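**Student:** need coordinates for the following:
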Amino acid sequence: MEARGAGLKVDQIMSKKVVSISADDTLDVVREIMELAHVRHLPVVRRGALVGVVSQRDLLSASLSTVMGLPAEEQIRFLKGVKIAEVMSAPPLSISGEQTVQQAARLMAEHKIGCLPVVDGTTLVGIVTETDVLGFFARPKDERQVGQSLYRCASHARGGRPLPLGFQGRGSGIGPGDLNEAQPL
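**Tutor:** You can find the predicted model right below:
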């Protein structure tokens, strides 16, 4: 019997529209982006290559350790002075879009992390979060089966190569309700 997520690839549930930041940006930029985009993890890039990840937890840790009890103006001034490279997790754990959802779940659980940047070589192509993985496993089994069956059929039809489907909004896998929203990449 096949384990859940054993056949479905990460690139089928990952978010392809990723907000990333430069290692030279400062903590105030991270805070603003996280608040505006409603994200908890930002991949960090340098000259197009993934070099780290900064999380809401990293931001909170750096902020609390230094600005506890300071007035708002001084907190902002402090955040503007701290480069992302000083607080990011590096080197980052990452995953290929060709690896399975089960492998992604195992990596995140083993390392107690909330996201995995998805890379092609060193180039950032997406991000898969614990919310994406949990959403996949929380779906009713018949919806997961539809996604896996469609993926296998599309892959077989293309000589084993995956069918590049993009979805509006966050990548949540392929389910019966998603098929009408499929857009070519």
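
**Student:** give me the nearest residue to E86, chain neighbours excluded.
**Tutor:** Among residues not flanking E86 along the chain, A62 sits closest, at 7.7 Å (C-beta to C-beta, 6 or more residues apart in numbering). In short, each C-beta sits where N, CA and C put it, glycine included.

**Student:** what does L59 give?
**Tutor:** V30 (5.6 Å).

**Student:** list the contacts of the helix or strand hosting the one you found.
**Tutor:** Element membership for V30 (DSSP states H and E) is helix 27-37. Helix 27-37 is contacted from outside by 19, 21, 39-40, 42, 54, 56, 59, 62-63, 76, 78-80, 82, 84, 87, using C-beta atoms under 8 Å, 6 or more residues apart in numbering.

**Student:** buried ones in that helix?
**Tutor:** L27, D28, V29, V30, R31, I33, M34 (16 or more other C-beta atoms under 10 Å).

**Student:** now the element after it, going C-ward?
**Tutor:** Using DSSP H and E, the first helix or strand after helix 27-37 is strand 41-46.

**Student:** adjacent strands (with direction) for that next one?
**Tutor:** strand 21-22 (parallel), strand 49-55 (antiparallel) (DSSP bridges).

**Student:** quick one, which of the ones you listed is packed in tightest?
**Tutor:** strand 49-55 (a mean of 21; mean count of other C-beta atoms under 10 Å).

**Student:** tilt between that one and helix 27-37?
**Tutor:** Here strand 49-55 runs at an angle of 80 degrees relative to helix 27-37 (axes from the mean of the first three to the mean of the last three C-alpha atoms, to 10 degrees).

**Student:** now the strands: where do they sit in the protein?
**Tutor:** All strands of the chain, identified by DSSP state E, fall at 21-22, 41-46, 49-55, 95-96, 115-120, 123-129, 165-166, 183-184.

**Student:** tell me which of those strands sits most buried.
**Tutor:** By mean neighbour count, with neighbours taken as mean count of other C-beta under 10 Å, strand 115-120 ranks first of those at a mean of 23.

**Student:** and that strand, what does it pack onto?
**Tutor:** Helices and strands touching strand 115-120, by 3 or more C-beta pairs under 8 Å, 6 or more residues apart in numbering; DSSP states H and E, are strand 49-55, strand 95-96, helix 101-111, strand 123-129.
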